[in-house]
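A.B. asks: Provided below are the primary sequence and the corresponding predicted coordinates.
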Amino acid sequence: MNRRSSDPDQRPHVLIVGGGYVGLYAAFGLRRAVRRGRCRVTVVDPRSYMTYQPFLPEAAAGSVEPRHVVVALRKVLPHASVLNGRVTKVDHANRTVTVDTKAGDTATLGYDHIVIAAGSVSRTLPIPGLAEHGIGFKYIEEAIGLRNHVLDQLDLAASTADAKRREAALRFVFVGGGYAGVEAMSELEDMARYACRFYRDSAGRPQIDPAEMGWVLVEASERILPEVDEDMGRYTVECLRDRGIDVRLSTRLVSAVDGRIVLDDGLEFPASTLVWTAGVRPSPVVANTDLPLDDRGRVRAQADLEVIGADRAWAAGDCAAVPDLTRPGEFCSPSAQHAVRQARLLAANIDRRLRGKTLKNYRHANVGSVATLGLHKGVAQVYGVKVRGWPAWFMHRTYHVSRMPTLNRKIRIVADWTLALFFRREVVSLGSLHQPRETFREVAGSG
Ligand SMILES: Cc1cc2nc3c(=O)[nH]c(=O)nc-3n(C[C@H](O)[C@H](O)[C@H](O)COP(=O)(O)OP(=O)(O)OC[C@H]3O[C@@H](n4cnc5c(N)ncnc54)[C@H](O)[C@@H]3O)c2cc1C
């Protein structure tokens, strides 16, 4: 399929690779230019929604409904066209991209401006057993899958007489102590601890003692949460250890073959849950472009977000190396904070270029970080002010709900939290969601 030449629409075509933070906000920022006939916009993404990743830990823990942390692209971008597919190649010299569409076709799309907004993927290492047993924590599918998996493991532990299976079911290992790993583990541990109270035998005796669960956080460096100062990182380690979480610093995962976890400090144990949150690398598509890349594989952008030496190619977010003008010589960190702001400026700069105006540079000093450590627990460092415990958790919630795209989603999330005040969180596992045809197949096969 070739969609290149026969397009009668003569407006400059802005093609956005990726519909995450940067893709959504850049397309949204171009709505006025589209309405005034200055351009048309296509967003290409395999998913039809943008994921608000900072809420993934709460979605995994059942504090918010998973559907409420994603935003349907077609609904919020009525002025743009959304194509579900994966861009596999960008040929900027010829202004074309190759897309593997959801329908299974290969399409070639032409463009006048391209925005590389493909974000990042988990940065993995060639550790034996990791690909077979590990799961990442970047997408809503992973958050829902992990939630169901953790609750399934409690079901399994309560229903088996096999001590070895029970031991493996109750071991949960997270590798990587950045905010994604720490928040995901803290929220899930909190949820699992709460869920344990509902496991009782017919005499009413508890079937799972929370102390029997083993939650292990493995971090290769000497500290966790590099986004905040060292004392805040130490405070977080203490909080986690007080909850019985085994935080292992300066430690690496060596092997996970057959679900047997081996750490380089000599610890070995079976675990059915292995979550990999040890950093990110640019989406693989950026390596298949004719755009300049830095030594980390990111697209090299100027401060005005145009790609160096590539007229009308733009890049921002996790897959781009954007100079941080507030810290000369350094680049912006991969964070939502930068992604959203860069996307807004990028859209404005494309519009400026369309109108023949001068571009502006991106300049934003990181304001800090807020992280949840489970219900009513958190850590925050904003504008240099350090906050711990309940106030930090409250800041995390209020900050992120204020940043959540669309009023609709903000209201739904606040409603989820309000309902949880009265009815507590949901702890039901819908593990069978992942094989919805299984029961029918069994019945149909036996009939
Ligand atoms: C659990 C978690 C918690 C986080 N918490 C915070 C936080 O508290 N504060 C903060 O500032 N940051 C946080 N972040 C980081 C933040 O979410 C990212 O920095 C941000 O999402 C980057 O935006 P992006 O647009 O570059 O990438 P993304 O939002 O990841 O979007 C990339 C999009 O590109 C699409 N894509 C990928 N490859 C292709 C392709 N070949 N073709 C077409 N489309 C493609 C993907 O499907 C995706 O939709 C968190 C991240 C995680 C995982």
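C.D. replies: Good, I have the coordinates.
A.B. asks: tally of neighbours for the residue of the stretch 201-350 of the chain found nearest the ligand?
C.D. replies: In the stretch 201-350 of the chain, no residue comes nearer to the ligand than residue 317, which is 2.3 Å away by CB to the nearest ligand atom. To be clear about C-beta, it is placed using only N, CA and C from the backbone, and glycine gets the same treatment. Close neighbours of residue 317, defined as other CB atoms under 10 Å, add up to 35.
A.B. asks: Residue 206 too?
C.D. replies: As a burial measure, residue 206 scores 14 neighbours (other CB under 10 Å).
A.B. asks: where does the spatially most central residue of the chain land in three-state SS?
C.D. replies: Geometric centre of the chain, nearest residue: residue 138, 2.9 Å, by CA atoms, centre = their mean. With DSSP: H, G, I helix; E, B strand; the rest coil as the basis, residue 138 sits in coil.
A.B. asks: hmm, back to that, so the residue of the stretch 201-350 of the chain closest to the ligand makes contact with residue 337?
C.D. replies: No - here residue 317 lies out of contact with residue 337, judged by CB atoms under 8 Å, at a distance of 10.9 Å.
A.B. asks: list the contacts for the residue of the stretch 201-350 of the chain closest to the ligand?
C.D. replies: 18, 20-22, 117, 119, 334, 338-339, 342-343 (CB atoms under 8 Å, 6 or more residues apart in numbering).
A.B. asks: One more: residue 198?
C.D. replies: With the criterion set at CB under 8 Å, 6+ apart, residue 198 makes contact with residue 427.
A.B. asks: Let's see that with 10 Å instead.
C.D. replies: By CB atoms under 10 Å, 6 or more residues apart in numbering, the contact list for residue 198 reads 154, 158, 206-208, 427-428.
A.B. asks: distance of the residue of the stretch 201-350 of the chain closest to the ligand from residue 25?
C.D. replies: Between residue 317 and residue 25 the computed distance is 9 Å (CB to CB, to the nearest Å).
A.B. asks: residues shared between the contacts of the two?
C.D. replies: Common neighbours of residue 317 and residue 25, using CB under 10 Å, 6+ apart, are 117, 339-340, 342-343, 346.
A.B. asks: Return the residues in contact with residue 191.
C.D. replies: Per CB under 10 Å, 6+ apart, neighbours of residue 191: 57-58, 60-63, 147, 150-151, 154, 374-375, 425-427.
A.B. asks: Over to stretch 322-334 now: how far is its first residue from its last?
C.D. replies: Terminal residues of stretch 322-334 lie 10 Å apart, using CA to CA, to the nearest Å.
A.B. asks: Determine whether any part of it lies close to the ligand.
C.D. replies: Yes - on the criterion CB under 6 Å from any ligand atom, stretch 322-334 is in touch with the ligand at residue 334.
A.B. asks: So that it lines up with my notes, have the first residue be 547 from now on.
C.D. replies: Got it, the first residue is 547 from now on, which makes the last one we talked about stretch 868-880.
A.B. asks: Give me the buried positions along that stretch.
C.D. replies: Residues 868-870, 877-878, 880 are the ones in stretch 868-880 that count as buried (16 or more other CB atoms under 10 Å).
A.B. asks: what do you get for stretch 778-795?
C.D. replies: Within stretch 778-795, the residues scored as buried using 16+ other CB under 10 Å are 778-779, 781-783, 785-786, 789, 791, 793-795.
A.B. asks: Save the residues you listed as CSV, and put in secondary structure and pLDDT too.
C.D. replies: Output for these, formatted as CSV (DSSP: H, G, I helix; E, B strand; the rest coil; pLDDT from 0 to 100):
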residue, secondary structure, pLDDT
778, helix, 91
779, helix, 92
781, helix, 93
782, helix, 94
783, helix, 95
785, helix, 93
786, helix, 95
789, coil, 93
791, coil, 96
793, strand, 97
794, strand, 97
795, coil, 97
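A.B. asks: and the two most separated of those residues?
C.D. replies: The most widely separated members of these, counting by CB to CB, are 778 and 794 (19.2 Å).
A.B. asks: Run through the residues that contact the residue in the chain positioned nearest to the ligand.
C.D. replies: Going by CB to the nearest ligand atom, the ligand is nearest to residue 566 of the chain, at 1.7 Å. When contacts are counted by CB under 10 Å, 6+ apart, residue 566 is found next to 591, 593, 595-599, 619, 663-666, 684, 829, 863-865, 882, 885, 889.
A.B. asks: Kind regards, and thank you for your time.
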